[in-house]
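Asks: heads up, no residue letters with this:
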Ligand code: NAD
């Protein structure tokens, strides 16, 4: 694990403690599988934000002038550094989040390395449309330029990947960044920043602040020298961030909550749908913005689907996240465990059927923030558990009779991040992918992502894309350059303003 004893602020290529010293609020990073403290951070305040933004402003000038090839080479070295630190990153990610080590090793860390390699390549592919004479008297061209300093705020569910999704496109396009990870899980973002320095990315290009949302976060998104705010987190905080950023008309990119529908048509492969639903609902203990949360299942398959999901959920092994045999770790914190339990208890009290799970496990697991994999049925579309983001290992299933009804149920949500359709009928699949309102629709799968393809939502799930070339473009501004090619002093168009010869 990285030695962060010198402090939890990474500013201008140095680990520092918070500038407020003893007056800075303290925050314990806790292993949620045991409740034990991993590290204690002194949290950043406004002075730390100002220092990080100043370092970023100063570093960006040269970094923005580096050629794409130079930026790309440094990012390829970063990919190699992350690869060399892969096991350390996986262990640290598991310690601060409680996610099973298999997930850290096989998804979070390799996904981050692949993202780094992808953006290293993409840095060299930024180009405009054709340069040409759109007026006979001028040549027009387009320059894609970095914005300057990006202020980013990330959540705790995939701390390393969220840091990667924010940092990589921003720096590939020639920006500098100040990233504020969640104060619950800052450690792997700090390790990534240290790896960037070892890779030769200049100091000040990547800065990481460990701070609270209402302290460091609000100061960062309001800072006059921050040109763009890129936020991933809950819809409520995203709206607050957007309001703060609007005061200085900053560009805003929001990746917010989700409540993904999982639509099983009557011709679906039932075994595939059952396995897909359990994997899609329980990944990362359900703390995934794209997790399958609303199973919409044709009535002819409903009972078999519910029985199959309950059987598989009951077989899921909860345990020590460091054990390779563990399928599901704890939730992120006791507070979140209480929140998830309260959602299920409200549903139970309102008459929902808890088909399996629905409890905090006892025994050895009682010291961690565990919650059982839970399947809920017997609710209608007005139920809170059907409408609200639970962000835990909880799947709700409802039956439908017609395809029209299934699509309407899928879209009956304020969110629009991800969805899946399960069918062997190509026409049904085509209809579902066209009509379901979401940033991603999978067919016969749910969850996989790739660096080349965009991730981002519609409706209350936000706007803007992470990963892919689309994301890179969002971290640039487009400048039109129009050059006179006549060389004459008296341009023909001047007669629209004055008519003297
Ligand atoms: P959150 O909104 O509580 O916090 C996200 C980040 O915002 C944290 O770093 C937090 O410190 C900061 N923050 C909190 N209040 C702030 C404020 N007033 N000003 C500025 N920053 C502030 O979310 P969370 O609980 O960390 O993460 C879970 C949420 O993230 C879920 O809603 C989930 O769906 C969403 N999420 C979305 C995506 C996506 O790609 N769309 C990915 C992962 C998580």
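Replies: On my side now, so go ahead. Here the structure is a predicted model, which is why all the values come from computation and not from measurement.
Asks: now the residue in the stretch 51-200 of the chain positioned nearest to the ligand. Nearest residue, chain neighbours left out?
Replies: Closest approach between the stretch 51-200 of the chain and the ligand, counting by C-beta to the nearest ligand atom: residue 155, at 3.1 Å. Placement of C-beta: from N, CA and C, glycine included. Once flanking residues are discounted, residue 155 sits nearest to residue 233: 4.6 Å by C-beta to C-beta, 6 or more residues apart in numbering.
Asks: how many neighbours does that neighbour have?
Replies: When neighbours are defined as other C-beta atoms under 10 Å, residue 233 has 24 of them.
Asks: same deal with residue 57?
Replies: Other residues close to residue 57 by other C-beta under 10 Å number 17.
Asks: please, which helix or strand holds it?
Replies: helix 46-65 (DSSP states H and E).
Asks: that helix - contacts with which helices or strands?
Replies: Counting contacts by 3 or more C-beta pairs under 8 Å, 6 or more residues apart in numbering; DSSP states H and E, helix 46-65 packs against strand 9-11, strand 138-146, strand 149-153, strand 176-180, strand 206-209, helix 218-222.
Asks: neighbours around residue 426, how many?
Replies: When neighbours are counted by other C-beta under 10 Å, residue 426 registers 9.
Asks: same question, residue 430
Replies: Counted with other C-beta under 10 Å, residues neighbouring residue 430 total 13.
Asks: what's the pLDDT at it?
Replies: Note on residue 430: pLDDT of 98.
Asks: for the ligand, see how far away the residue nearest to residue 155 is.
Replies: Distance, residue 233 to the ligand, using C-beta to the nearest ligand atom, to the nearest Å: 3 Å.
Asks: please apply the same query to residue 412.
Replies: For residue 412 relative to the ligand (C-beta to the nearest ligand atom), the value is 18 Å.
Asks: residues contacting that residue?
Replies: residue 381 (C-beta atoms under 8 Å, 6 or more residues apart in numbering).
Asks: state the distance from whichever residue of the chain sits closest to the ligand to residue 99.
Replies: Nearest to the ligand in the chain, going by C-beta to the nearest ligand atom, is residue 213, at a distance of 2.2 Å. Going from residue 213 to residue 99 by C-beta to C-beta, to the nearest Å gives 22 Å.
Asks: these two: which is more packed in?
Replies: residue 99 (29 against 17).
Asks: which residues touch the host helix or strand of residue 114?
Replies: Using DSSP H and E, residue 114 falls within helix 109-122. Contacts to helix 109-122, defined as C-beta under 8 Å, 6+ apart, come from residues 71-73, 75-76, 78-79, 82-83, 86, 89-90, 93, 160-161, 163-165, 168-169, 172, 192, 449, 451-452, 467, 469, 472.
Asks: please flag which of those sit within helices.
Replies: 71-73, 75-76, 78-79, 82-83, 86, 89-90, 93, 160-161, 163-165, 168-169, 172, 192, 469, 472 (DSSP state H).
Asks: from these, keep the buried residues only.
Replies: Neighbour counting with 16 or more other C-beta atoms under 10 Å marks 71-73, 75-76, 78-79, 82-83, 89-90, 93, 160-161, 163-165, 168-169, 172, 192, 469, 472 as buried within the ones in helices among the contacts of helix 109-122.
Asks: spell out which parts of the stretch 301-450 of the chain neighbour the ligand.
Replies: Residues of the stretch 301-450 of the chain lying close to the ligand by C-beta under 6 Å from any ligand atom are 389, 391, 417.
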